[in-house]
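1. structure here, sequence nowhere to be found:
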């Protein structure tokens, strides 16, 4: 197929739609064949030097490699050791990713330029085979579902992991599955500010255009209401803003959140009396904690003007914690000793560590630590029985970041008492804060995802912006600020999440920028002055875009190399004029025929270098002669120029 299609230069090769190892809702361990068993043992031999080394980490007593086989989750639970099952699941993740790589490499033998991927999926599921770190190595591009922008169950939320693990590849997420008008405004901009270079809108083929239809067009080819809204929201992205965002980079985030595949499997394995995925999702337990604590940590970061990246264990072992100031461990039940050592080094060097109950309870393969695990020593707790509780306790607690308040605490580990720490009735500490070397740790002995407000845990960490309502100065949670940089050009997208309540009135955005920089409202073309503060009125689902630059834009100059003839190429140069050397601005160029119609084939978004961009207009032999009008607009400032070019016979 790749050979047959090569002449058509396909944009993407779509290996399969919405597929996985097994259906996400099923709890089926695969595969138990002899072939997979032998391949499993070969895979393990690449990771362990001997069967004794494997036994030491797994807590098993295999006599030789021949005894090592697959294990289902029920057997692992009954044995009280998740390691044989957890590692088989990790092997099947590898098999799944390896299959994708094999398919892609086979196609590339016929078309070396082909971009192949198993492009879209539904997030984490215990038996699906999806390890997004492995998939990032296998896929040439993605077309994932940005569930974080839709609202769904947090088990589905994975787009930010895909963005974190593969920032350099093309992301074209699917949208179009929600019917609220606010969602139609919100989704394209959320995607554009989170690493996408375009969107795929579902439902273009639908002919039913009534209420709750996915259709974008009527059979008459007129746009439906949702089609019109999507077109209006995507238009400025297509006309230059998108190119500007795609050519900017996220600055170093201050916060990393652990995305732990071993902990995800451990969470399912530790959830007692749950034999199906649905049961594990519905019952209070480790599986719910894993998803909801991770989402609570994410919300705490993005609602405080900060950004984050997900990191996995493989990255931490490779030194990826360098540059971050805070690491958050949501539901991180299975953390290996080598990763724990890297985390301790990070904290002692000045980092902040925030974790909730069960952190590091098991090692990286899901086996029990005999002494509570090295992470317990880092956060200053003493484990007494290694069990996780999920009962609810309502009590007054002095939360260091909120003050004393009555809260409902979901579950806790039974721990040795800690001096001066608030405690449960059984003496177990509720919160343990301590200084370790030059850093600090905070251990929340409960499910962090069910605490009322975690934002104060991040106090003192760098933020790109402060947000506050005009009415009372409180920072509303509905606003996310995303910063992207192109040299000295700093772009700030301000998204108002329509799913979260916010107070009336405008939101005040205070950018963490040095004095003297110039601020522009990119979407309105308004110059806001030499300031780092803007008051914006953003409707639910709306997005504002600000640009902070160290100079004022005064205009755009267009110089052509003379007139042109039909069949010849007109060459010109565009220059952004400023009171200092400008950065790499994007310029939108529109070319209009003598009758005023737009010649779409000649229009362009040009990325300048230091404010200078060269333009070429290849007039066709059958283009109409006469006066052609060319306009060039600077995307940041809205400054524009216009010139008339006579095209001769």
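-> Structure's in. What do you need? Predicted model only: the values in this text are computed from it and were never measured. Numbers count the residues shown, from 1 in each chain.
2. only C-alpha atoms for contact and neighbour calcs from this point on.
-> Will do.
3. which stretches of the stretch 301-450 of the chain have low pLDDT?
-> Along the stretch 301-450 of the chain, no part satisfies pLDDT under 70.
4. need the helices for it, in chain order.
-> Under the criterion DSSP state H, counting those that start in this stretch, the stretch 301-450 of the chain contains helices at 313-317, 337-348, 374-379.
5. residue 362 is in contact with residue 333, correct?
-> Yes. Contact between residue 333 and residue 362 holds when scored by Cα atoms under 8 Å: they sit 5.9 Å apart.
6. now tabulate the helices of the stretch 301-450 of the chain in CSV and tack on distance to residue 393.
-> Output for those, formatted as CSV (distance: least, Cα to Cα, whole Å):
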stretch, distance to residue 393
helix 313-317, 33
helix 337-348, 30
helix 374-379, 23
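7. okay if I get those helices as CSV plus distance to residue 168 and mean neighbour count?
-> Formatted as CSV, these follow (distance: least, Cα to Cα, whole Å; neighbours: other Cα atoms under 10 Å):
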stretch, distance to residue 168, mean neighbour count
helix 313-317, 16, 16
helix 337-348, 25, 20
helix 374-379, 33, 20
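8. out of the ones you listed, flag the one nearest residue 572.
-> Comparing these against residue 572 with Cα to Cα, the closest turns out to be helix 313-317 (46.8 Å).
9. doesn't residue 408 make contact with residue 446?
-> No. The criterion here is Cα under 8 Å, and residue 446 misses it with residue 408 at 9.9 Å.
10. just want to know which of the two has more residues nearby.
-> Using other Cα atoms under 10 Å as the criterion, residue 446 and residue 408 rank with residue 446 on top: 29 against 16.
11. quick one on the thing from earlier: the helices of the stretch 301-450 of the chain: which one's closest to residue 355?
-> Nearest to residue 355 among the helices of the stretch 301-450 of the chain is helix 374-379 (8.5 Å), distances taken as Cα to Cα.
12. are we agreed that residue 133 is in a helix?
-> Yes. The assignment for residue 133 (DSSP: H, G, I helix; E, B strand; the rest coil) places it in a helix.
13. isn't it right next to residue 164, touching?
-> No. Using Cα under 8 Å, residue 133 is not in contact with residue 164, being 9.3 Å away.
14. give me the neighbour count for residue 11.
-> Residues near residue 11, counting by other Cα under 10 Å: 10.
15. check which helix or strand residue 101 maps to.
-> helix 83-110 (DSSP states H and E).
16. so for that helix, mean pLDDT?
-> Helix 83-110 comes out with an average pLDDT of 93.
17. how far out from the middle of the chain is that helix?
-> 23 Å (Cα atoms, centre = their mean, to the nearest Å).
18. ok, residue 596 - how many residues close by?
-> For residue 596, the tally of surrounding residues (other Cα under 10 Å) stands at 11.
19. that should have said residue 175, apologies.
-> So residue 175, with other Cα under 10 Å, has 23 neighbours.
20. in the sheet, who's paired with it?
-> residue 201 (DSSP bridges).
21. now do the SS call for the residue nearest in space to the middle of the chain.
-> When Cα atoms, centre = their mean is applied to the chain, the residue found nearest the centroid is residue 160 (1.5 Å). Three-state assignment for residue 160 (three-state DSSP): helix.
22. how near is it to residue 177?
-> 19 Å (Cα to Cα, to the nearest Å).
23. swap in residue 557?
-> Counting by Cα to Cα - residue 557 and residue 177 are separated by 44 Å.
24. one more: residue 411?
-> From residue 411 to residue 177 the distance is 36 Å (Cα to Cα).
25. okay, these two: which has more neighbours?
-> residue 411 (21 against 16).
26. that one against residue 394, yeah?
-> No. Under the criterion of Cα under 8 Å, residue 411 makes no contact with residue 394, lying 10.7 Å away.
27. find residues that contact each of the two.
-> Counting by Cα atoms under 8 Å, 6 or more residues apart in numbering, no residue touches both residue 411 and residue 394.
28. which non-adjacent residue is nearest residue 575?
-> For residue 575, ignoring the flanking residues on the chain, the nearest one in space by Cα to Cα, 6 or more residues apart in numbering is residue 612 at 4.6 Å.
29. that neighbour pairs with what?
-> residue 575, residue 609.
30. you'd agree it is up against residue 576?
-> Yes. Using Cα under 8 Å, residue 612 is in contact with residue 576, at 6.5 Å.
31. so for these two, which residue has more residues nearby?
-> With neighbours defined as other Cα under 10 Å, residue 612 and residue 576 compare such that residue 576 has more, 27 against 22.
32. quick one: contacts for that one?
-> Contacts for residue 576 were tallied using Cα under 8 Å, 6+ apart; they are 553-557, 582, 585, 611-612, 634.
33. what's the neighbour count on residue 282?
-> Residue 282: 11 neighbours (other Cα under 10 Å).
34. give me every residue that touches the residue nearest to residue 580 when sequence neighbours are not counted.
-> Ranked by Cα to Cα, 6+ apart and with sequence neighbours excluded, the top spatial neighbour of residue 580 is residue 551, at 5.7 Å. Residues near residue 551 by Cα under 8 Å, 6+ apart: 517-518, 578-582.
35. from those residues, which would you call buried?
-> 517-518, 582 (16 or more other Cα atoms under 10 Å).
36. now the strands for the stretch 351-500 of the chain?
-> Here the stretch 351-500 of the chain has its strands, by DSSP state E, counting those that start in this stretch, at 352-356, 383-388, 392-399, 403-410, 413-415, 431-436, 439-444, 465-469, 479-486, 489-496.
37. can you check which of these gets nearest to residue 316?
-> Here strand 352-356 is closest among the strands of the stretch 351-500 of the chain (Cα to Cα), at 13.8 Å.
38. for the helices of the stretch 301-450 of the chain, which one sits closest to residue 508?
-> Among those, helix 337-348 sits nearest to residue 508 (Cα to Cα), with 33.8 Å.
39. who's in contact with that closest one?
-> Contacts of helix 337-348 (Cα under 8 Å, 6+ apart): 313, 316-317, 319, 321-322, 353, 360, 363-364, 373-375, 378, 436-441.
40. how does it look with 6 Å?
-> The contact list for helix 337-348, computed with Cα atoms under 6 Å, 6 or more residues apart in numbering, reads 375, 436-439.
41. next, the distance between the ends of stretch 325-336.
-> 21 Å.
42. buried sites along that stretch?
-> 325-336.
43. tabulate these (a markdown table), appending distance to residue 65.
-> Shown next, in a markdown table, are those (distance: Cα to Cα, whole Å):
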| residue | distance to residue 65 |
| --- | --- |
| 325 | 43 |
| 326 | 41 |
| 327 | 38 |
| 328 | 37 |
| 329 | 34 |
| 330 | 35 |
| 331 | 32 |
| 332 | 30 |
| 333 | 28 |
| 334 | 24 |
| 335 | 25 |
| 336 | 23 |
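44. how about the helices in the stretch 151-300 of the chain?
-> All helices of the stretch 151-300 of the chain, identified by DSSP H, counting those that start in this stretch, fall at 159-165, 181-193, 225-236, 242-246, 261-270, 277-282, 286-302.
45. where's residue 516 relative to residue 466, distance?
-> The value you get for residue 516 to residue 466, if Cα to Cα is used, is 18 Å.
46. between the two, which one's more packed in?
-> Just comparing residue 516 and residue 466: by other Cα under 10 Å the higher neighbour count belongs to residue 466, 17 against 14.
47. who's the more buried one bridged to?
-> On the basis of DSSP bridges, residue 466 is bridged to residue 510.
48. do I have it right that it meets residue 510?
-> Yes. Using Cα atoms under 6 Å as the test, residue 466 is close enough to residue 510 to be in contact (4.9 Å).
49. before we move on, the earlier item: residue 301 is nearest to which of the helices of the stretch 301-450 of the chain?
-> helix 337-348 (19.0 Å).
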